[in-house]
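Chemist: build me a structure from this.
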Amino acid sequence: GARRGGYGSFGAGCGSGPCAGPRAGCCSRVGGGGSAGGCYPPGYGDSVGFTAAGSGYAQAVGSSGSCMAPPVNTAPGYAPSQMAATYAAARQVWQQAQPQQAQQQQQQQAQQQAAAQAAQQQAQQQQQAQAQQQQQQALGAQGGGAAALAALGAAADADTVIPNLASYVQINPALFSQQPQLKRVVPLALDRAIREIISPVVERSVTISCVTTRELMLKDFAMEPDEMRMRKAAQLMVSNLAGSLALVTCKEPLRVACSNHMRALLQQAGSLDVQLMEQLVQVCSSDNLDLGCTLIEKAATEKAVRDVEEALAPAFAIRRKHREQTGLPYYDMSIFTSGRYPTGLPEALRPKPGGLLPTQRRVYEDFGRIPRGVAAAA
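Modeler: Presented below is the predicted three-dimensional model:
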(Lines give C-alpha, C1' and ligand atoms only; values in the text may rest on other atoms or scores of the structure.)
Protein backbone atom coordinates (compact mmCIF):
# COMPACT_ATOMS: atom_id res chain seq x y z
CA GLY A 1 0.00 0.00 0.00
CA ALA A 2 2.90 2.37 0.79
CA ARG A 3 4.50 1.69 -2.62
CA ARG A 4 1.39 2.61 -4.70
CA GLY A 5 0.07 5.80 -3.19
CA GLY A 6 -1.33 5.02 0.21
CA TYR A 7 -3.85 2.33 -0.53
CA GLY A 8 -2.71 0.25 2.44
CA SER A 9 -5.94 0.81 4.19
CA PHE A 10 -7.52 -1.61 1.75
CA GLY A 11 -4.70 -4.13 1.91
CA ALA A 12 -5.83 -5.65 5.14
CA GLY A 13 -8.70 -7.32 3.36
CA CYS A 14 -6.54 -9.19 0.90
CA GLY A 15 -5.61 -11.85 3.36
CA SER A 16 -9.16 -13.01 3.81
CA GLY A 17 -11.94 -14.15 1.61
CA PRO A 18 -11.17 -15.17 -1.97
CA CYS A 19 -7.59 -13.80 -1.81
CA ALA A 20 -6.45 -15.85 1.18
CA GLY A 21 -3.41 -17.97 0.95
CA PRO A 22 -0.50 -17.54 -1.35
CA ARG A 23 -2.16 -14.51 -3.09
CA ALA A 24 -2.32 -12.43 0.11
CA GLY A 25 0.25 -9.93 -1.10
CA CYS A 26 -1.55 -9.00 -4.31
CA CYS A 27 -3.51 -6.13 -2.84
CA SER A 28 -0.43 -4.47 -1.40
CA ARG A 29 1.24 -4.59 -4.80
CA VAL A 30 -1.78 -3.57 -6.90
CA GLY A 31 -3.44 -0.65 -5.19
CA GLY A 32 -6.30 -0.09 -7.58
CA GLY A 33 -7.33 -3.73 -7.55
CA GLY A 34 -7.72 -3.65 -3.78
CA SER A 35 -10.16 -0.82 -3.93
CA ALA A 36 -12.48 -2.90 -6.08
CA GLY A 37 -12.13 -5.98 -3.97
CA GLY A 38 -10.44 -8.00 -6.73
CA CYS A 39 -7.15 -9.81 -6.54
CA TYR A 40 -4.64 -10.76 -9.25
CA PRO A 41 -1.62 -13.06 -9.42
CA PRO A 42 1.69 -11.70 -8.17
CA GLY A 43 3.90 -9.93 -10.73
CA TYR A 44 1.26 -7.67 -12.35
CA GLY A 45 2.02 -4.58 -10.17
CA ASP A 46 5.70 -4.12 -10.90
CA SER A 47 5.29 -1.79 -13.84
CA VAL A 48 4.61 1.89 -13.44
CA GLY A 49 1.17 2.94 -14.44
CA PHE A 50 -0.51 -0.43 -13.72
CA THR A 51 -2.46 1.16 -10.88
CA ALA A 52 -4.72 2.98 -13.31
CA ALA A 53 -4.91 0.00 -15.61
CA GLY A 54 -5.62 -2.36 -12.73
CA SER A 55 -8.22 -0.05 -11.35
CA GLY A 56 -9.97 0.10 -14.74
CA TYR A 57 -9.82 -3.63 -15.11
CA ALA A 58 -11.31 -4.10 -11.66
CA GLN A 59 -14.18 -1.76 -12.48
CA ALA A 60 -14.92 -3.32 -15.88
CA VAL A 61 -14.41 -6.96 -15.13
CA GLY A 62 -13.47 -7.63 -11.49
CA SER A 63 -16.30 -5.80 -9.77
CA SER A 64 -17.86 -9.03 -8.63
CA GLY A 65 -15.36 -9.34 -5.84
CA SER A 66 -13.96 -12.71 -6.90
CA CYS A 67 -10.46 -13.62 -7.95
CA MET A 68 -10.41 -13.58 -11.79
CA ALA A 69 -7.50 -14.67 -13.90
CA PRO A 70 -6.59 -12.51 -16.88
CA PRO A 71 -8.31 -13.96 -19.98
CA VAL A 72 -5.54 -13.05 -22.41
CA ASN A 73 -2.21 -14.29 -20.98
CA THR A 74 -1.36 -15.35 -17.45
CA ALA A 75 2.36 -15.60 -17.98
CA PRO A 76 4.48 -13.23 -15.84
CA GLY A 77 5.72 -10.17 -17.69
CA TYR A 78 2.58 -9.70 -19.85
CA ALA A 79 2.26 -5.97 -20.54
CA PRO A 80 -0.64 -4.40 -18.71
CA SER A 81 -1.04 -1.83 -21.48
CA GLN A 82 -1.65 -4.65 -23.97
CA MET A 83 -4.27 -6.17 -21.69
CA ALA A 84 -6.04 -2.81 -21.36
CA ALA A 85 -6.01 -2.35 -25.13
CA THR A 86 -7.46 -5.83 -25.60
CA TYR A 87 -10.34 -5.14 -23.25
CA ALA A 88 -10.92 -1.72 -24.85
CA ALA A 89 -11.09 -3.35 -28.31
CA ALA A 90 -13.52 -5.99 -27.03
CA ARG A 91 -15.72 -3.27 -25.52
CA GLN A 92 -15.63 -1.33 -28.79
CA VAL A 93 -16.65 -4.46 -30.75
CA TRP A 94 -19.56 -4.98 -28.36
CA GLN A 95 -20.61 -1.36 -28.66
CA GLN A 96 -20.47 -1.59 -32.46
CA ALA A 97 -22.55 -4.79 -32.42
CA GLN A 98 -25.40 -3.11 -30.52
CA PRO A 99 -26.50 -0.79 -33.40
CA GLN A 100 -26.30 -3.68 -35.88
CA GLN A 101 -28.56 -5.82 -33.73
CA ALA A 102 -30.99 -2.91 -33.37
CA GLN A 103 -30.90 -2.38 -37.11
CA GLN A 104 -31.58 -6.08 -37.75
CA GLN A 105 -34.50 -5.96 -35.35
CA GLN A 106 -35.88 -2.92 -37.12
CA GLN A 107 -35.52 -4.63 -40.48
CA GLN A 108 -37.33 -7.72 -39.19
CA GLN A 109 -40.12 -5.55 -37.81
CA ALA A 110 -40.38 -3.71 -41.14
CA GLN A 111 -40.57 -7.03 -43.02
CA GLN A 112 -43.27 -8.30 -40.68
CA GLN A 113 -45.25 -5.09 -41.14
CA ALA A 114 -44.89 -5.32 -44.94
CA ALA A 115 -46.08 -8.96 -44.89
CA ALA A 116 -49.05 -8.01 -42.73
CA GLN A 117 -49.96 -5.17 -45.10
CA ALA A 118 -49.67 -7.48 -48.13
CA ALA A 119 -51.92 -10.06 -46.48
CA GLN A 120 -54.43 -7.34 -45.64
CA GLN A 121 -54.41 -6.04 -49.23
CA GLN A 122 -54.88 -9.56 -50.59
CA ALA A 123 -57.83 -10.12 -48.29
CA GLN A 124 -59.35 -6.81 -49.42
CA GLN A 125 -58.89 -7.77 -53.09
CA GLN A 126 -60.58 -11.11 -52.50
CA GLN A 127 -63.49 -9.39 -50.80
CA GLN A 128 -63.80 -6.93 -53.68
CA ALA A 129 -63.71 -9.76 -56.24
CA GLN A 130 -66.42 -11.65 -54.37
CA ALA A 131 -68.54 -8.50 -54.17
CA GLN A 132 -68.13 -7.87 -57.92
CA GLN A 133 -69.05 -11.47 -58.71
CA GLN A 134 -72.16 -11.26 -56.57
CA GLN A 135 -73.08 -7.95 -58.20
CA GLN A 136 -72.64 -9.42 -61.68
CA GLN A 137 -74.79 -12.40 -60.78
CA ALA A 138 -77.48 -10.08 -59.45
CA LEU A 139 -77.31 -7.90 -62.56
CA GLY A 140 -77.46 -10.98 -64.78
CA ALA A 141 -80.56 -12.21 -63.00
CA GLN A 142 -82.23 -8.82 -63.19
CA GLY A 143 -81.06 -7.70 -66.62
CA GLY A 144 -81.88 -10.81 -68.63
CA GLY A 145 -78.46 -12.50 -68.89
CA ALA A 146 -76.51 -10.39 -71.38
CA ALA A 147 -73.79 -12.99 -71.84
CA ALA A 148 -76.31 -15.74 -72.52
CA LEU A 149 -78.15 -13.50 -74.98
CA ALA A 150 -74.90 -12.69 -76.79
CA ALA A 151 -74.14 -16.39 -77.16
CA LEU A 152 -77.68 -17.07 -78.35
CA GLY A 153 -77.45 -14.24 -80.87
CA ALA A 154 -74.16 -15.55 -82.26
CA ALA A 155 -75.65 -19.03 -82.55
CA ALA A 156 -78.71 -17.63 -84.32
CA ASP A 157 -76.52 -15.92 -86.91
CA ALA A 158 -74.17 -18.86 -87.45
CA ASP A 159 -76.25 -22.05 -87.13
CA THR A 160 -79.49 -21.57 -89.09
CA VAL A 161 -81.20 -23.56 -91.79
CA ILE A 162 -80.87 -20.69 -94.25
CA PRO A 163 -78.39 -17.81 -94.10
CA ASN A 164 -79.50 -14.67 -92.30
CA LEU A 165 -82.63 -16.18 -90.84
CA ALA A 166 -82.88 -13.28 -88.39
CA SER A 167 -83.59 -10.87 -91.26
CA TYR A 168 -86.68 -12.87 -92.33
CA VAL A 169 -88.44 -13.32 -88.99
CA GLN A 170 -91.30 -11.04 -87.99
CA ILE A 171 -91.01 -9.37 -84.58
CA ASN A 172 -93.48 -6.96 -83.03
CA PRO A 173 -91.37 -4.13 -81.53
CA ALA A 174 -94.02 -3.32 -78.93
CA LEU A 175 -93.57 -6.71 -77.27
CA PHE A 176 -89.83 -6.14 -76.70
CA SER A 177 -89.90 -2.46 -75.76
CA GLN A 178 -88.66 -3.12 -72.22
CA GLN A 179 -86.07 -5.76 -73.15
CA PRO A 180 -85.12 -5.41 -76.82
CA GLN A 181 -82.21 -7.81 -76.44
CA LEU A 182 -84.69 -10.70 -76.24
CA LYS A 183 -85.42 -10.33 -79.95
CA ARG A 184 -82.46 -12.62 -80.63
CA VAL A 185 -84.37 -15.52 -79.15
CA VAL A 186 -87.01 -15.55 -81.92
CA PRO A 187 -84.86 -16.66 -84.91
CA LEU A 188 -82.98 -19.17 -82.79
CA ALA A 189 -86.20 -20.76 -81.50
CA LEU A 190 -87.60 -20.96 -85.04
CA ASP A 191 -84.37 -22.51 -86.29
CA ARG A 192 -84.39 -25.21 -83.61
CA ALA A 193 -88.04 -25.98 -84.20
CA ILE A 194 -87.46 -26.42 -87.95
CA ARG A 195 -84.54 -28.73 -87.32
CA GLU A 196 -86.59 -30.80 -84.94
CA ILE A 197 -89.45 -31.65 -87.32
CA ILE A 198 -88.09 -31.19 -90.83
CA SER A 199 -86.61 -34.65 -91.32
CA PRO A 200 -89.72 -36.79 -90.59
CA VAL A 201 -92.06 -34.34 -92.33
CA VAL A 202 -90.00 -34.13 -95.51
CA GLU A 203 -89.33 -37.86 -95.63
CA ARG A 204 -93.00 -38.76 -95.31
CA SER A 205 -94.20 -36.15 -97.79
CA VAL A 206 -91.58 -36.98 -100.41
CA THR A 207 -92.17 -40.71 -100.19
CA ILE A 208 -95.92 -40.43 -100.70
CA SER A 209 -95.69 -37.88 -103.50
CA CYS A 210 -92.96 -39.73 -105.40
CA VAL A 211 -94.77 -43.06 -105.36
CA THR A 212 -98.02 -41.44 -106.52
CA THR A 213 -96.36 -39.44 -109.29
CA ARG A 214 -94.33 -42.37 -110.60
CA GLU A 215 -97.36 -44.65 -110.89
CA LEU A 216 -99.52 -42.05 -112.64
CA MET A 217 -96.70 -41.09 -115.00
CA LEU A 218 -96.12 -44.69 -116.07
CA LYS A 219 -99.86 -45.19 -116.74
CA ASP A 220 -100.91 -41.89 -118.31
CA PHE A 221 -97.73 -41.39 -120.35
CA ALA A 222 -97.32 -44.98 -121.48
CA MET A 223 -98.11 -43.95 -125.08
CA GLU A 224 -96.24 -40.64 -124.85
CA PRO A 225 -93.05 -40.71 -126.95
CA ASP A 226 -91.70 -37.34 -125.75
CA GLU A 227 -89.73 -37.84 -122.52
CA MET A 228 -89.38 -34.07 -121.98
CA ARG A 229 -93.13 -33.64 -121.79
CA MET A 230 -93.29 -36.55 -119.38
CA ARG A 231 -90.51 -35.07 -117.21
CA LYS A 232 -92.18 -31.67 -116.99
CA ALA A 233 -95.52 -33.17 -115.96
CA ALA A 234 -93.79 -35.31 -113.33
CA GLN A 235 -91.96 -32.32 -111.85
CA LEU A 236 -95.11 -30.22 -111.64
CA MET A 237 -97.11 -32.98 -110.00
CA VAL A 238 -94.52 -34.18 -107.49
CA SER A 239 -93.50 -30.69 -106.38
CA ASN A 240 -97.12 -29.71 -105.75
CA LEU A 241 -97.96 -32.91 -103.93
CA ALA A 242 -94.82 -32.92 -101.76
CA GLY A 243 -95.11 -29.24 -100.87
CA SER A 244 -98.78 -29.47 -99.97
CA LEU A 245 -98.29 -32.60 -97.88
CA ALA A 246 -95.35 -31.05 -96.04
CA LEU A 247 -97.29 -27.85 -95.45
CA VAL A 248 -100.32 -29.50 -93.86
CA THR A 249 -98.19 -32.01 -91.97
CA CYS A 250 -95.73 -29.61 -90.38
CA LYS A 251 -97.96 -26.73 -89.33
CA GLU A 252 -99.14 -27.89 -85.92
CA PRO A 253 -95.90 -29.70 -84.92
CA LEU A 254 -93.93 -26.61 -85.91
CA ARG A 255 -96.15 -24.37 -83.79
CA VAL A 256 -95.68 -26.58 -80.73
CA ALA A 257 -91.93 -26.99 -81.24
CA CYS A 258 -91.37 -23.28 -81.81
CA SER A 259 -93.35 -22.39 -78.67
CA ASN A 260 -91.41 -24.87 -76.54
CA HIS A 261 -88.00 -23.73 -77.76
CA MET A 262 -88.86 -20.05 -77.42
CA ARG A 263 -90.18 -20.55 -73.90
CA ALA A 264 -87.03 -22.41 -72.87
CA LEU A 265 -84.75 -19.76 -74.37
CA LEU A 266 -86.63 -16.93 -72.68
CA GLN A 267 -86.35 -18.67 -69.34
CA GLN A 268 -82.63 -19.15 -69.92
CA ALA A 269 -82.03 -15.58 -71.07
CA GLY A 270 -83.65 -13.77 -68.15
CA SER A 271 -86.41 -13.51 -65.60
CA LEU A 272 -89.74 -12.49 -67.13
CA ASP A 273 -93.26 -12.39 -65.88
CA VAL A 274 -95.11 -15.58 -66.70
CA GLN A 275 -97.96 -13.82 -68.47
CA LEU A 276 -95.60 -11.65 -70.51
CA MET A 277 -93.53 -14.67 -71.45
CA GLU A 278 -96.55 -16.60 -72.66
CA GLN A 279 -97.71 -13.60 -74.67
CA LEU A 280 -94.31 -13.35 -76.34
CA VAL A 281 -94.27 -17.08 -77.08
CA GLN A 282 -97.75 -17.19 -78.60
CA VAL A 283 -97.47 -14.03 -80.69
CA CYS A 284 -93.97 -14.70 -82.04
CA SER A 285 -94.77 -18.33 -82.83
CA SER A 286 -97.91 -17.39 -84.75
CA ASP A 287 -96.21 -14.54 -86.63
CA ASN A 288 -93.36 -16.75 -87.85
CA LEU A 289 -95.27 -19.99 -88.39
CA ASP A 290 -95.77 -19.35 -92.11
CA LEU A 291 -92.07 -18.65 -92.54
CA GLY A 292 -91.12 -21.96 -90.96
CA CYS A 293 -93.72 -23.85 -93.02
CA THR A 294 -92.44 -22.23 -96.22
CA LEU A 295 -88.90 -23.36 -95.48
CA ILE A 296 -90.02 -26.93 -94.82
CA GLU A 297 -92.21 -26.90 -97.92
CA LYS A 298 -89.28 -25.73 -100.04
CA ALA A 299 -87.04 -28.46 -98.69
CA ALA A 300 -89.67 -31.13 -99.39
CA THR A 301 -90.28 -29.84 -102.94
CA GLU A 302 -86.61 -29.86 -103.88
CA LYS A 303 -86.06 -33.37 -102.52
CA ALA A 304 -89.20 -34.69 -104.25
CA VAL A 305 -88.08 -33.38 -107.65
CA ARG A 306 -84.69 -35.06 -107.29
CA ASP A 307 -86.22 -38.35 -106.18
CA VAL A 308 -88.82 -38.52 -108.94
CA GLU A 309 -86.16 -37.77 -111.55
CA GLU A 310 -84.22 -40.73 -110.25
CA ALA A 311 -87.34 -42.96 -110.15
CA LEU A 312 -88.37 -42.16 -113.75
CA ALA A 313 -84.86 -42.13 -115.20
CA PRO A 314 -85.28 -45.59 -116.86
CA ALA A 315 -88.54 -44.49 -118.57
CA PHE A 316 -86.87 -41.34 -119.90
CA ALA A 317 -83.84 -43.23 -121.15
CA ILE A 318 -85.76 -45.96 -123.00
CA ARG A 319 -87.83 -43.40 -124.95
CA ARG A 320 -84.76 -41.44 -125.98
CA LYS A 321 -82.83 -44.54 -126.93
CA HIS A 322 -85.74 -46.02 -128.95
CA ARG A 323 -86.17 -42.80 -130.92
CA GLU A 324 -82.45 -42.51 -131.63
CA GLN A 325 -82.17 -46.12 -132.83
CA THR A 326 -85.41 -46.55 -134.78
CA GLY A 327 -86.72 -43.07 -135.40
CA LEU A 328 -90.17 -44.25 -134.33
CA PRO A 329 -92.17 -43.18 -131.27
CA TYR A 330 -92.02 -45.41 -128.22
CA TYR A 331 -95.11 -47.08 -126.73
CA ASP A 332 -95.02 -48.92 -123.46
CA MET A 333 -97.24 -51.94 -123.98
CA SER A 334 -96.38 -53.53 -120.65
CA ILE A 335 -99.23 -51.75 -118.91
CA PHE A 336 -101.73 -54.00 -120.66
CA THR A 337 -100.05 -57.20 -119.50
CA SER A 338 -98.68 -56.27 -116.09
CA GLY A 339 -102.07 -56.45 -114.42
CA ARG A 340 -101.42 -53.29 -112.39
CA TYR A 341 -104.50 -51.54 -113.74
CA PRO A 342 -108.03 -52.93 -114.11
CA THR A 343 -109.03 -53.90 -117.64
CA GLY A 344 -112.33 -52.15 -117.33
CA LEU A 345 -110.97 -48.57 -117.07
CA PRO A 346 -113.29 -45.95 -118.53
CA GLU A 347 -112.54 -44.84 -122.05
CA ALA A 348 -111.37 -41.41 -120.92
CA LEU A 349 -108.74 -42.96 -118.65
CA ARG A 350 -107.36 -45.57 -121.02
CA PRO A 351 -103.95 -44.83 -122.65
CA LYS A 352 -104.16 -44.25 -126.40
CA PRO A 353 -101.45 -44.10 -129.07
CA GLY A 354 -100.15 -40.61 -129.62
CA GLY A 355 -100.04 -39.65 -125.96
CA LEU A 356 -102.31 -37.49 -123.91
CA LEU A 357 -104.69 -35.00 -125.41
CA PRO A 358 -104.22 -31.29 -124.61
CA THR A 359 -107.16 -31.38 -122.24
CA GLN A 360 -105.59 -34.34 -120.43
CA ARG A 361 -102.15 -32.71 -120.21
CA ARG A 362 -103.77 -29.68 -118.68
CA VAL A 363 -104.50 -31.72 -115.56
CA TYR A 364 -100.75 -31.91 -114.91
CA GLU A 365 -100.09 -28.34 -115.97
CA ASP A 366 -102.64 -27.10 -113.48
CA PHE A 367 -100.49 -28.44 -110.66
CA GLY A 368 -98.22 -25.45 -111.22
CA ARG A 369 -101.13 -22.98 -111.09
CA ILE A 370 -102.65 -24.05 -107.80
CA PRO A 371 -101.95 -21.46 -105.08
CA ARG A 372 -100.12 -22.77 -102.03
CA GLY A 373 -102.80 -21.66 -99.63
CA VAL A 374 -105.52 -23.48 -101.55
CA ALA A 375 -103.39 -26.60 -101.85
CA ALA A 376 -102.67 -26.58 -98.12
CA ALA A 377 -106.34 -26.07 -97.29
CA ALA A 378 -107.28 -28.94 -99.58
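
Chemist: where do the helices sit along the stretch 251-378 of the chain?
Modeler: Listed in chain order, the helices of the stretch 251-378 of the chain (DSSP state H, counting those that start in this stretch) span 274-287, 289-311, 313-326, 358-365, 372-377.

Chemist: deepest-packed of those, please.
Modeler: Of all these, helix 289-311 carries the top mean neighbour count, a mean of 20, counting by mean count of other C-beta atoms under 10 Å. Yep, even glycine has a C-beta here, placed from its N, CA and C like the rest.

Chemist: what angle separates it from helix 274-287?
Modeler: Angle, helix 289-311 to helix 274-287, by axes from the mean of the first three to the mean of the last three C-alpha atoms, to 10 degrees: 40 degrees.

Chemist: could you dump the helices of the stretch 251-378 of the chain to JSON lines with distance to Q130 and mean pLDDT?
Modeler: Formatted as JSON lines, those follow (distance: least, C-beta to C-beta, whole Å; pLDDT from 0 to 100):
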{"stretch": "helix 274-287", "distance to Q130": "32", "mean pLDDT": "90"}
{"stretch": "helix 289-311", "distance to Q130": "45", "mean pLDDT": "94"}
{"stretch": "helix 313-326", "distance to Q130": "71", "mean pLDDT": "90"}
{"stretch": "helix 358-365", "distance to Q130": "74", "mean pLDDT": "87"}
{"stretch": "helix 372-377", "distance to Q130": "58", "mean pLDDT": "52"}
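
Chemist: show me the shaky parts of the stretch 51-200 of the chain.
Modeler: Low-confidence segments of the stretch 51-200 of the chain (pLDDT under 70): 51-83, 87, 93-98, 132-162.

Chemist: one step back: adding distance to P351 as columns, could you present the helices of the stretch 251-378 of the chain in TSV?
Modeler: Below are the helices of the stretch 251-378 of the chain laid out as TSV (distance: least, C-beta to C-beta, whole Å):
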stretch	distance to P351
helix 274-287	48
helix 289-311	19
helix 313-326	14
helix 358-365	10
helix 372-377	27
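
Chemist: T213 is nearest to which of the ones you listed?
Modeler: T213 sits nearest to helix 289-311 of all those, at 5.4 Å, using C-beta to C-beta.

Chemist: which other helices and strands contact that closest one?
Modeler: Here helix 289-311 is seen to pack against helix 185-220, helix 227-269 when contacts are counted using 3 or more C-beta pairs under 8 Å, 6 or more residues apart in numbering; DSSP states H and E.

Chemist: and of those, who's closest to L328?
Modeler: For the helices and strands packed on helix 289-311, the distance to L328 is smallest for helix 227-269, at 14.3 Å, taking C-beta to C-beta.

Chemist: what's the mean pLDDT across that closest one?
Modeler: Averaged across helix 227-269, the pLDDT comes to 93.

Chemist: so how far is L357 from Q235?
Modeler: In this view, Q235 and L357 are 20 Å apart by C-beta to C-beta, to the nearest Å.

Chemist: does L236 really touch Y364, like I thought?
Modeler: Yes. Using C-beta atoms under 8 Å, L236 is in contact with Y364, at 5.7 Å.

Chemist: contacts only, for L291.
Modeler: Counting by C-beta atoms under 8 Å, 6 or more residues apart in numbering, L291 touches Y168, V169, Q170, L190.

Chemist: burial check on L356, number of neighbours?
Modeler: When neighbours are defined as other C-beta atoms under 10 Å, L356 has 19 of them.

Chemist: dump the helices and strands packed on helix 289-311 to a markdown table, plus distance to S285.
Modeler: Formatted as a markdown table, those follow (distance: least, C-beta to C-beta, whole Å):
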| stretch | distance to S285 |
| --- | --- |
| helix 185-220 | 8 |
| helix 227-269 | 5 |
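
Chemist: which of these sits closest to L349?
Modeler: helix 185-220 (8.4 Å).

Chemist: which strands and helices sit next to the closest one?
Modeler: Using 3+ C-beta pairs under 8 Å, 6+ apart: helix 185-220 touches helix 146-158, helix 227-269, helix 289-311.

Chemist: quick revisit: ok, which of the helices and strands packed on helix 289-311 comes nearest Q113?
Modeler: Across these, Q113 has its closest neighbour in helix 227-269 (50.5 Å, C-beta to C-beta).
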